[in-house]
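[1] Got a predicted model here, sequence first, then my questions.
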Amino acid sequence: MPLLRLFLKPGVDKQNTEYGAEGGWVDSDYVRFRYGLPEKVGGWTPFESSPVNLVGMASGVFTWNSLGGLPYAAVGTTRKVYVFYGGQWADITPIRASGAATFDTVSGLTTVTVNDVAHGAVEGDFVTFSSVTGDPGGIPNASLTNEFEIQKVLSVDAYTIISPTQAISTAVAAGTATATYQIQVGSDKSFADFGWGTGTWGLSTWGTPRPSSATVKLLAQLWQFDTYGQNLILQQVNGGIYEWSPSSGLTVRATAISGAPTKSRFALVSTPDRHLVCFGTESTLGNPATQDPMYVRFSSQENINQFVASATNTAGGQRLTDGNEIVTAVRSRGQILIWTDKSLHSQQYLGPPYTFGFQQLGANCGAIGPHSAVDVNGVAYWMSKDAFFVFDGSVKKIPCTVQDYVFEDLNFAQGPSVCAAINTQFNEITWFYATLSSDYVNRYVTYNYLENVWSVGTMARTAWADTGSFGSPIGIKYDPLSEAATISTIYGLTAGRSIPYSQETGVNADGDPIDAYVYSGYFDIGDGDQMLLMQKFIPDFKQQSGNLTVHLRLRAYPQASATPSSLDPYVITPTTQFVSTRARGRQIQLRIESSDLDSFWRFGTMRVDIQPDGGR
């Protein structure tokens with residue numbers, strides 16, 4: 001009997017049953033579809049060949065070039081902000097306040113109580129002591145002249161740290177020091193409820209309600225970046241807005257933008273008119289208590305320090321409707337697109353006297369998180385709470401063959417941590433998200449926007465930057481249990497590290513093999529009323545390196561248990577010419593897997609020897 005070419009349509013289809021998806025693919029991991037065919041994804045190596053661990057969960061990564069053409073990268077985590085340049089990482093986390101501290105010690109212990117009136121810190125914040133005097137409790141001044149993580153807040157005037165050196169005596173209010181506090185840290189996950197258990201433990205006595213000024217953060221702390229000229233703009237989602245200049249050098253921290261709102265959800269610099277636009281910001285400038293989640297405020301043109309509107313500038317503001325809060329915004333062709341939790345709006349530059357015009361573009365199409373939307377060549381794509389959408393002049397829902405698979409197992413509480421990643425080299429947009437079984441990102445769904453196909457998998461990245469200032473995309477992985485050493489010494493540092501990688505480099509996972517697979521739907525002969533016999537198949541893999549494994553799974557009926565063929569599994573080497581199978585059943589499923597170090601493959605058009613084998 002002549003060989004049959006096995007044509008399988010591209011993309012993963014999980015809306016159908018495995019039998020209903022005959023002629024296609026039903027599952028994948030670490031596999032993409034390109035030119036209609038599945039292939040193993042590229043590997044990753046440490047970013048710029050230098051393994052590094054950053055404190056906290058990365059929620060944003062951004063690359064840009066200075067005016068001199070030099071490449072920079074910024075990473076914002078739930079606890080820090082870092083900049084990379086010239087092979088070096090630097091901590092540029094903004095400073096919140098400074099105070100005068102003294103120390104209480106207990107002989108033989110490393111736990112030290114720090115006394116600082118109205119310190120304003122919460123558990124997990126970072127403080128650096130300088131100008132330490134008095135060798136408090138016998139602890140050398142040099143041991144306390146360091147950066148520390150605050151272990152426990154005892155009161156509004158005291159907290160504890162862990163010293164690298166034990167005290168040799170008990171002391172009260174000993175020594176002196178200048179305490180410099182970085183901006184408050186945030187959680188690495190979001191919370192969907194209120195009441196008991198929220199906020200930091202130990203701020204007050206039993207039965208005492210939290211004061212109205214207490215900080216209770218329900219969303220994971222996120223960062224968003226942009227540039228104003230060569231300067232980096234850093235917006236803490238639902239927080240302050242800061243600026244950092246490459247000309248300042250890596251030893252200088254980001255500072256608050258004077259005259260700008262003190263609390264906003266998002267910020268962008270409009271082009272080409274160069275206004276700094278803050279979204280979900282204060283209706284009364286400088287008063288964070290007046291934050292209006294639907295209010296848009298913009299600076300005067302070419303002046304990011306002037307947000308007060310007057311007859312002689314172009315500053316102003318506008319409140320949007322249809323939604324409870326602005327979620328995100330993206331620059332697109334000739335406009336800024338603004339998503340609320342329910343709708344899509346456009347902000348376009350008109351010039352004086354109105355400066356900007358606003359228009360609603362769509363309803364019931366809100367974004368799920370601050371980093372869930374991207375723009376590719378003037379076309380916007382985003383993830384909502386129940387579907388994927390595209391805006392190319394009109395709002396449209398993207399037909400999705402894995403929609404139920406994604407949204408029926410989506411942890412909505414962690415929706416703010418969804419990360420949309422552009423990979424223009426392969427015409428892909430990937431959304432990394434958390435499933436119901438996880439509080440952290442643990443799965444991805446990829447859309448090839450040129451070929452209109454979907455794939456899924458388990459790679460976890462909390463932040464991503466497309467190829468730009470550096471030679472490959474940057475993806476950042478988070479390990480909430482890691483206590484690895486970081487770029488600087490911090491005493492008492494608790495777990496949670498982010499690791500930046502150069503994606504699409506090599507074929508391995510930072511030196512380890514990648515377990516990649518793709519499964520087809522079940523196929524049969526005719527209407528499936530006959531048994532079939534597959535005697536052999538001729539593999540066709542392009543650019544194969546290393547071995548891969550082919551499995552054949554057999555069923556007599558669509559809901560019957562699958563069983564392997566008698567000779568399964570079949571190991572395919574780069575020189576395998578054909579494989580004898582002796583596989584018999586009504587329906588057969590093809591599974592391609594690889595787990596070897598240095599392996600790569602791209603599926604071609606497999607030919608099979610299939611013939612009827614009776615009606616039983």
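    Structure's in. What do you need?
[2] Beta-bridge partners for Met383, please?
    Beta-bridge pairing of Met383, defined through DSSP bridges, involves Phe388.
[3] For Ala460, see how far away it is.
    16 Å (Cβ to Cβ, to the nearest Å). From N, CA and C alone the C-beta is placed, and that goes for glycine too.
[4] Among the two, which residue is more densely surrounded?
    Met383 (28 against 20; other Cβ atoms under 10 Å).
[5] check contacts around that one.
    367-369, 372-373, 389, 418, 420, 431, 433 (Cβ atoms under 8 Å, 6 or more residues apart in numbering).
[6] Tyr599 is in contact with Glu39, isn't it?
    Actually, residue 599 is Ser. It isn't Tyr. No. Counting by Cβ atoms under 8 Å, Ser599 stays clear of Glu39, with 11.6 Å between them.
[7] Backbone dihedrals for Ser248, please?
    Here is the backbone geometry of Ser248 (degrees, to the nearest 10): phi -80, psi -30.
[8] quick one: contacts for the residue nearest the centre of the chain?
    Nearest to the mean C-alpha position of the chain, by Cα atoms, centre = their mean, lies Thr462 at 2.5 Å. Residues near Thr462 by Cβ under 8 Å, 6+ apart: 57-59, 417, 419, 432, 440-441, 476-478, 498.
[9] List just the nearest of the residues you listed to Gly393.
    Cys419 (26.2 Å; Cβ to Cβ).
[10] What sits closest to that closest one if chain neighbours are left out?
    Nearest residue to Cys419, sequence neighbours excluded (Cβ to Cβ, 6 or more residues apart in numbering): Phe432, at 4.4 Å.
[11] Residues touching the helix or strand encompassing the one you found, excluding its own?
    Element membership for Phe432 (DSSP states H and E) is strand 428-433. Contacts made with strand 428-433 from outside it, assessed by Cβ under 8 Å, 6+ apart, are listed as 32, 372, 374, 376, 381, 383, 388, 406, 410-411, 414-415, 417-423, 441, 443-449, 459-462, 464.
[12] Partner strands of it and their direction?
    strand 419-423 (antiparallel), strand 443-448 (antiparallel).
[13] Out of the ones you listed, the one nearest Val75 is which?
    Comparing the strands paired with strand 428-433 by Cβ to Cβ, strand 419-423 comes nearest, at 12.8 Å.
[14] about what we covered before: among the contacts of strand 428-433, which ones are buried?
    32, 372, 374, 376, 381, 383, 388, 406, 410-411, 414-415, 417-423, 441, 443-449, 459-462, 464 (16 or more other Cβ atoms under 10 Å).
[15] Pull stretch 68-88 out as CSV, backbone CA atoms only.
    Output in CSV follows, covering the C-alpha atoms of stretch 68-88 (Å, rounded to 0.1, in the frame of the first residue of the first chain):
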residue,chain,number,x,y,z
GLY,A,68,25.5,58.2,23.1
GLY,A,69,24.0,54.9,21.9
LEU,A,70,25.0,52.9,25.0
PRO,A,71,22.6,50.1,26.0
TYR,A,72,20.9,50.0,29.4
ALA,A,73,18.4,47.7,31.1
ALA,A,74,16.2,48.4,34.1
VAL,A,75,14.4,45.8,36.2
GLY,A,76,11.7,46.6,38.8
THR,A,77,10.9,44.0,41.4
THR,A,78,8.5,43.9,44.2
ARG,A,79,11.3,45.0,46.5
LYS,A,80,13.9,46.8,44.5
VAL,A,81,14.8,48.6,41.2
TYR,A,82,18.0,47.8,39.4
VAL,A,83,19.8,49.1,36.4
PHE,A,84,22.3,47.2,34.2
TYR,A,85,25.0,48.9,32.2
GLY,A,86,28.5,47.9,31.0
GLY,A,87,28.4,44.5,32.6
GLN,A,88,27.4,45.8,36.0
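[16] Pull out the buried positions in it.
    For stretch 68-88, by 16+ other Cβ under 10 Å, it's 71-85.
[17] among the residues you listed, which are in strands?
    Counting by DSSP state E, the buried residues of stretch 68-88 place 71-77, 81-85 in strands.
[18] show me where the chain has helices.
    Taking DSSP state H, the helices of the chain run over residues 141-144, 403-407.
[19] what helices or strands is the first one leaning on?
    Counting contacts by 3 or more Cβ pairs under 8 Å, 6 or more residues apart in numbering; DSSP states H and E, helix 141-144 packs against strand 126-133, strand 171-182.
[20] want to try a markdown table for those strands, with distance to Ser394 as columns?
    Putting those into a markdown table (distance: least, Cβ to Cβ, whole Å) gives the following:
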| stretch | distance to Ser394 |
| --- | --- |
| strand 126-133 | 47 |
| strand 171-182 | 45 |
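[21] Out of those strands, the one nearest Glu593 is which?
    Of all the helices and strands packed on helix 141-144, strand 126-133 comes closest under Cβ to Cβ, at 45.0 Å.
[22] buried set for that closest one?
    Counting neighbours by 16+ other Cβ under 10 Å, strand 126-133 gives 126-129, 132 as buried.
[23] For it, name the packing helices and strands.
    helix 141-144, strand 147-149, strand 171-182.
[24] Serialize those to TSV and add fields for distance to Gly506, mean neighbour count and mean pLDDT.
    Below are those laid out as TSV (distance: least, Cβ to Cβ, whole Å; neighbours: other Cβ atoms under 10 Å; pLDDT from 0 to 100):
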stretch	distance to Gly506	mean neighbour count	mean pLDDT
helix 141-144	43	18	98
strand 147-149	35	21	98
strand 171-182	36	18	98
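[25] Take those and write them to a markdown table, including distance to Ser346.
    Shown next, in a markdown table, are those (distance: least, Cβ to Cβ, whole Å):
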| stretch | distance to Ser346 |
| --- | --- |
| helix 141-144 | 54 |
| strand 147-149 | 44 |
| strand 171-182 | 37 |
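[26] Indicate which one of those is closest to Asp226.
    Going by Cβ to Cβ, the one of the helices and strands packed on strand 126-133 nearest Asp226 is strand 171-182, 21.7 Å.
[27] Tell me the strands beside the lowest-mean-pLDDT helix or strand in the chain, with direction?
    In the chain, no helix or strand scores lower on mean pLDDT, DSSP states H and E than strand 4-6, which sits at a mean of 78. As defined by DSSP bridges, the strand partners of strand 4-6 come to strand 606-612 (antiparallel).
[28] Looking at the strand it pairs with now, give me its mean pLDDT.
    Strand 606-612 shows a mean pLDDT of 81.
[29] Quick one: distance of it to the chain centre.
    44 Å (Cα atoms, centre = their mean, to the nearest Å).
[30] How is the protein partitioned into domains?
    4-43+513-612, 97-182, 372-462 (automatic domain parsing).
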